[in-house]
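# Quick one: sequence plus predicted model below, questions after.
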Amino acid sequence: MRATLLIIAGILALVVGWIYFAPGDSIPSPEELAEQALNAATSEEQEAAAVKLSQSGQAGITQLRRVYQESTVVEVRAACIKGLGVLRDYDSMAIFFDGLEDDSALIRGRAGVAMVRMLGRDYRFRANGSVADRVKSITGMQKAWEEMEPDLDRIKEEMKKKEQPSETE
């Protein structure tokens, strides 16, 4: 009985592996995804590429920044901010602050969420709030960032340690 289950499990593993790694199916590089996010035929295709790029991890950070700066599609730019925020890319803080003041509420909202993640505190920034309320929140975020920035190297090191699996796992 156990041998039969092992054989079935092995066959399933081969089938799943073939589906995901079939010849001809290559995973696009961050550079290829960035080009698609900027130049695909439709804004939907561009957004889909930006979302995939945001899922490419640390390897995609440079391209996420580039696409954010070069794209004119709101959803693409918002996907870039979300990806950079999820990756806690402190070197993109200028992008997050820029996003907080964008004309698009979607981009402002994504930047606000990223800032909560990056700063570790909710400054009650609301993308659809009044300009005065947004300015007040941004001022608080800027102050927190100025206080945090001198410790950035230590913070990044602590993040790396948390991301690395421990030897006991």
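Yep, that arrived. Everything numeric here is computed off the predicted structure, so don't read it as measured data. Residues are numbered from 1 along each chain as shown.
# thinking residue 63 is in contact with residue 50, fair?
No: contact criterion Cβ atoms under 8 Å: residue 63 and residue 50 do not qualify, at 9.6 Å. (Each C-beta comes from the backbone N, C-alpha and C, glycine too.)
# Tell me which of those two has more neighbours.
Set residue 63 next to residue 50 and count neighbours by other Cβ atoms under 10 Å: residue 50 wins out with 31 against 24.
# Would you agree the more buried one is in contact with residue 80?
Yes: Residue 50 lies in contact with residue 80 (Cβ under 8 Å); the separation is 5.9 Å.
# joint contacts of the two?
Contact criterion Cβ atoms under 8 Å, 6 or more residues apart in numbering; residues shared by residue 50 and residue 80: 37, 64, 67, 71.
# Tell me the secondary structure of residue 124, please.
What DSSP: H, G, I helix; E, B strand; the rest coil gives for residue 124 is coil.
# cool, residue 92 as well?
Three-state call for residue 92 (three-state DSSP): helix.
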